[in-house]
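Engineer: My questions are about this predicted structure, shown below with the sequence.
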Amino acid sequence: MKKTEKKDLTSLTKLGAGKKNKPSKKLEVFPSKTKNQYLVELFTDEFTCLCPMTGQPDFATIKISYVPREKIVESKSLKLYLWSFRNEGCFHEHLTNVILQDLTKALDPVWCQVEGNFNIRGGIGIKVTAQSGERPSNI
């Protein structure tokens, strides 16, 4: 397996010291360096969005799991992507599926799953799990 090379960094614009970043819908990727199948898991418990009806804030833990094919999502661009939902109103079910669709478009993974575990509000918590592809049995 090859290590990260300088050419792998040429398309990454969000990563780097001293850059002032803003929320962004752009998911940046870099190449996977192995043909082995492996699992990547990313998560945050700092996700926020707005209720589309009331404008009240919703808080969630988002977990992304995927088996890469040729591309890996760069984590800072993912952070800025998730941040972009902070002032948007969207039902939890739609939001989880939008994140899945955007990731599968950017990555073309073997398998991808997005879990949105939204905090209790009004006495009810909501957990939404959406996936694309088939998870390999050996992962």
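Structural biologist: Nice, thanks for sending it over.
Engineer: from here on, contacts and neighbour counts on C-alpha atoms
Structural biologist: Fine.
Engineer: in the protein, what spans have low per-residue confidence?
Structural biologist: Applying pLDDT under 70 to the chain flags the ranges 1, 14-19.
Engineer: how about the strands in it?
Structural biologist: 29-31, 40-50, 57-67, 71-73, 111-121, 124-133 (DSSP state E).
Engineer: so which of the ones you listed gets nearest Glu93?
Structural biologist: Nearest of those to Glu93, taken as CA to CA: strand 124-133 at 6.0 Å.
Engineer: In the closest one, which residues are buried?
Structural biologist: For strand 124-133, the neighbour count (16 or more other CA atoms under 10 Å) marks 127-132 as buried.
Engineer: before we move on, what about stretch 96-108?
Structural biologist: Those would be 96-97, 99-101, 103-104, 106-108, for stretch 96-108 by 16+ other CA under 10 Å.
Engineer: again, but for stretch 23-32
Structural biologist: Under 16+ other CA under 10 Å, the buried positions of stretch 23-32 are 24, 27-32.
Engineer: so the lengthiest helix in the chain versus strand 40-50, what angle?
Structural biologist: If you go by DSSP state H, the chain has its longest helix at helix 92-107. Orientation note: helix 92-107 sits at an angle of 140 degrees relative to strand 40-50 (axes from the mean of the first three to the mean of the last three CA atoms, to 10 degrees).
Engineer: picking that back up, which one of the buried residues of stretch 23-32 is nearest Glu88?
Structural biologist: For those, the residue nearest Glu88 by CA to CA is Ser24; the value is 12.6 Å.
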